[in-house]
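Asker: just the structure for this:
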Amino acid sequence: MWICKQCEEKIEDSFDTCWNCGYEKTGKEIISESFEETKKETSFEKTKKETKKYLTLSYKYGILRFYQILLTIFIILTIISGIIVLINNNDLPTGWTFLIICLVFIIGIFGMYCGIKIIDFLFELDEKNDNSGSK
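Answerer: Numbering: from 1, shown residues only. Reported below is the predicted structural model:
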């Protein structure tokens with residue numbers, strides 16, 4: 001291994017030039033436009049792939065926003081219909097039957113709420129990845 005005198009990058013002995021800055025093993029700068037062009041092309045291709053990855057994630061998450069809105073509407077409708085049934089129904093079941101119906105009702109609402117929170121988490125995670133990747 002040898003260390004580049006310009007950028008202090010560690011390079012294997014099999015290479016005569018620094019992969020990072022283009023300096024020779026002796027410390028002389030190589031006058032070659034092809035090295036800089038290759039370096040620019042590589043960074044451009046990397047940026048292009050990251051942009052493509054971002055668009056793919058956005059398209060995948062697009063349907064989740066719709067599903068999140070749908071779950072919110074179902075929660076509201078379930079609560080409203082439950083209240084209406086309790087107010088208008090005089091023949092409510094008694095004992096264990098009523099308790100089981102209430103538990104199923106609460107677990108259903110909780111499941112829909114968890115689905116909404118999972119989708120929120122995915123979007124927040126995607127935003128954090130976008131912010132950390134752009135720095």
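Asker: quick one: low-confidence ranges for this protein?
Answerer: Judged by pLDDT under 70, the chain has its weakly predicted residues at 27-59, 129-135.
Asker: and stretch 79-93, how far from the chain's centre?
Answerer: Taking CA atoms, centre = their mean, to the nearest Å, one finds stretch 79-93 lying 42 Å from the centre of the chain it belongs to.
Asker: not counting its own residues, what contacts it?
Answerer: By CB atoms under 8 Å, 6 or more residues apart in numbering, the surrounding residues in contact with stretch 79-93 are 98, 101, 105, 109. Yep, even glycine has a C-beta here, placed from its N, CA and C like the rest.
Asker: of those residues, which is the nearest to residue 77?
Answerer: If you rank those by distance to residue 77 using CB to CB, residue 109 comes first, at 10.8 Å.
Asker: strands of the chain, start to end?
Answerer: Under the criterion DSSP state E, the chain contains strands at 2-3, 10-11.
Asker: okay, now the sheet partners of the first one, with direction.
Answerer: Spelled out, it's strand 2-3. strand 10-11 (antiparallel) (DSSP bridges).
Asker: picking up where we left off before, with respect to residue 21, which of the strands of the chain lies nearest?
Answerer: With CB to CB as the criterion, residue 21 lies closest to strand 10-11 of the strands of the chain, at 10.3 Å.
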